[in-house]
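> from the sequence below, what's the structure:
(one chain, ligands or ions: 2)
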Amino acid sequence: MKIVLKIGGSILMPNEVDVNFIKKLATKLTQWIKKHEIAVVIGGGALSREFDKIGRRITKDEDFLDLLGIYASRLNAALLIAALENSACPVIPRSEVEFLDLVLKYQQKVIVCGGFRPGQRTDAVAVEIAKVWNADFVIKGTNVDYVYDKDPKKNKNAKPIKEMSFDDLQKYADQTHKANQSTIMDLKSAEMIANEHIRVAVLNGKNLENIEKFLNRQEFKGTRIGF
Ligand SMILES: Nc1ncnc2c1ncn2[C@@H]1O[C@H](COP(=O)(O)OP(=O)(O)OP(=O)(O)O)[C@@H](O)[C@H]1O
Ligand SMILES: O=c1ccn([C@@H]2O[C@H](COP(=O)(O)O)[C@@H](O)[C@H]2O)c(=O)[nH]1
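Ligands and ions are numbered 1, 2, ... in the order given. Next up, the predicted model:
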C-alpha cells in the first residue's frame, strides 16, 4: 500500500521530545517500508505551541506565526530523519513539487515532511501529499483513539465515531484557521479529503502496534473516514 502517515506533534513532543517513541517509530518504519511505500508528516507539538506564545508577544501577523509552526514541525521532522539513519531521505521537502522530486531521487527511503505553507496545519500537508502522490490512505496518528462527537478532553461523555463519510468530517473540523489551534482536523484538510475522496484512518499515534494492524489490513482501533 501507499500510505501517508501523519504523526501529531502531540505524540512526538507532548511536553518535551519523546526520544524513545522517535526511536521506536524509526525502527517500525524501517520494517514497514519493506512492504509498503510510506511518507511521513510530523506536526509541531509543544515546540510549535511554545514559539507561538513567544511570537504572539511580538506580532499579530498570523502568517508569521504560522511560519514559526512550520519551522517547529520541520525541526521535529529532522529528529525522525536522524533516528531513521539510512532509511530516510535526508532532505525535508517544502512543497508538493519538492516532495515528488525527492520520491524519484530517494526510492525505498522514508520522506519526512513538516509544514509546507502558512494558512493550514500539517494534516493538510498529509492530504496534499496523498493527492499528488496518489496514496491509498492517510493515517492520522493523534493523541486520542478516535474522532469523537465532541472534544473528548473537554467532555467526559464524548462518544467515539468508528466510521464517518467524507462530508461528516467537516462537522468536526476547525471553522477558521488560526496558528496552533488544537482540534481534530483543520478545515482545509477536511474540505480536501471530501473533494478528493481521500480515505483517512484516525487513530492513536502512540500505539504503533495498532498502526501495524492497519497496514496488515487487520481490525484496528480508530475512525474510518470514507471507507
Ligand atoms: N471531535 C473531536 N474528536 C477528537 N478529538 C478532538 C475533537 N475535537 C477536538 N479534539 C481535540 O483534538 C486534539 C488533537 O489535536 P492536536 O492538534 O492536539 O493533536 P494532533 O493533530 O495530533 O497534533 P498536531 O496538531 O501537532 O499535528 C485532541 O487531544 C482533542 O482534545
Ligand atoms: O503547512 C503548514 C503546517 C503547519 N503550519 C503551522 O504550524 C503549526 C503547527 O502545525 P500542527 O499541524 O498544528 O502541529 C500550525 O498550527 C500552523 O500554525 C502551517 O502554517 N502550514
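> which bits of this protein sit near ligand 2?
Residues of the chain found near ligand 2 (C-beta under 6 Å from any ligand atom) are 9, 43-44, 48, 66, 69-70, 73, 115-118, 120-122, 124-125, 179-180. (Glycine included, C-beta is placed from N, CA and C.)
> now, which of these lie close to ligand 1?
9, 43, 44, 121, 122.
> can I get the residues you listed in TSV with secondary structure and neighbour count?
Listed next are these as TSV, based on DSSP: H, G, I helix; E, B strand; the rest coil; neighbours: other C-beta atoms under 10 Å:
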residue	secondary structure	neighbour count
9	helix	25
43	coil	30
44	coil	31
121	coil	31
122	helix	28
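> how far away is residue 127 from ligand 2?
Distance check for residue 127 against ligand 2: by C-beta to the nearest ligand atom, to the nearest Å, it reads 11 Å.
> quick thing: my sequence starts at 215, can you match it?
Taking 215 as the first residue, the last one we looked at is residue 341.
> whichever strand or helix holds that residue - contacts with which helices or strands?
Element membership of residue 341, judged by DSSP states H and E, is helix 336-347. On a contact count with 3 or more C-beta pairs under 8 Å, 6 or more residues apart in numbering; DSSP states H and E, helix 336-347 meets strand 216-221, strand 251-256, helix 310-319, strand 325-327, strand 351-356, helix 401-410.
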